[in-house]
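Asker: Just a sequence and a predicted model for now, questions to come.
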Amino acid sequence: AQSVTQPDIHITVSEGASLELRCNYSYGATPYLFWYVQSPGQGLQLLLKYFSGDTLVQGIKGFEAEFKRSQSSFNLRKPSVHWSDAAEYFCAFTGGGNKLTFGTGTQLKVEL
Amino acid sequence: DVKVTQSSRYLVKRTGEKVFLECVQDMDHENMFWYRQDPGLGLRLIYFSYDVKMKEKGDIPEGYSVSREKKERFSLILESASTNQTSMYLCASSPIWDEQFFGPGTRLTVL
């Protein structure tokens, strides 16, 4: 079955520290991958997406993600976290159709 | 900027009431989606529409119906609201084969 897993429900990091949020997918071919962020009480905003080509993808707000086919992963990274990055982060993928499958989300807390 | 708007941010209804949630997008997108979001469960697709008057069931369609009479508008209908439909409802739109753009959400409470 096609699925996406975010193993970490909650992550706490100190402001200025680096961040990596994990995302693993299960799919028989190359997926189209997305990372979204949701601030409290808001809708989701796209951070970045991977369709093909360079496996290191740059997004907004200083985020990047790397597609690793061998590990079926698409982890999100940021070198230095800001307090305003505290939010919930969702990984999602599609096999090429119009529907997205979302992970259950990772809640990020930033300690000042 | 793409804009997806939802008719209400907060809604309180009583059990058995008929509830309409409205979503409008201004980018001429073909696809529109309704999700519900619950803690620990992520986003679950209720219904989506790929064209006017066309709809397809998502993962959790039971207890819901939808209507898309115009391209820009996609309505979610709870025929007889129940307490287990208390949730955050998110609408999204997308062009074919690309990212989805989300509205701000409607937090529905059914008493």
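Answerer: Nice, thanks for sending it over.
Asker: which bits of chain B sit near chain A?
Answerer: B:4, B:31, B:33, B:40-43, B:45, B:48, B:50, B:58, B:90, B:92, B:94, B:96-97, B:99-105 (C-beta under 8 Å from any C-beta of the partner chain). All C-beta atoms are positioned from the backbone trio N, CA, C, and that covers glycine.
Asker: Mind checking which of those residues are in helices?
Answerer: Judged by DSSP state H, helices contain none of the residues of chain B next to chain A.
Asker: Pull out the buried residues from those residues.
Answerer: Among the residues of chain B next to chain A, those scoring as buried are B:4, B:31, B:33, B:42-43, B:45, B:48, B:50, B:58, B:90, B:92, B:94, B:99-105 (criterion: 16 or more other C-beta atoms under 10 Å in any protein chain shown).
Asker: so who does residue B:45 touch?
Answerer: Residues in contact with residue B:45 (C-beta atoms under 8 Å, 6 or more residues apart in numbering or on different chains) are A:99, A:100, B:33, B:34, B:35, B:58, B:59, B:60.
Asker: which bits of chain A sit near chain B?
Answerer: A:9, A:34, A:36, A:41-46, A:49, A:90, A:96, A:98-100, A:102-105.
Asker: now do 6 Å
Answerer: A:42, A:43, A:44, A:46, A:49, A:98, A:102, A:103, A:104, A:105 (C-beta under 6 Å from any C-beta of the partner chain).
Asker: Could I get the contacting residues of the fifth one?
Answerer: For residue A:49, the set of contacting residues under the criterion of C-beta atoms under 6 Å, 6 or more residues apart in numbering or on different chains consists of A:34, B:99.
Asker: Retrieve the pLDDT associated with it.
Answerer: Turning to residue A:49, the model gives it a pLDDT of 94.
Asker: One more: the last one?
Answerer: For residue A:105, the pLDDT comes out at 95.
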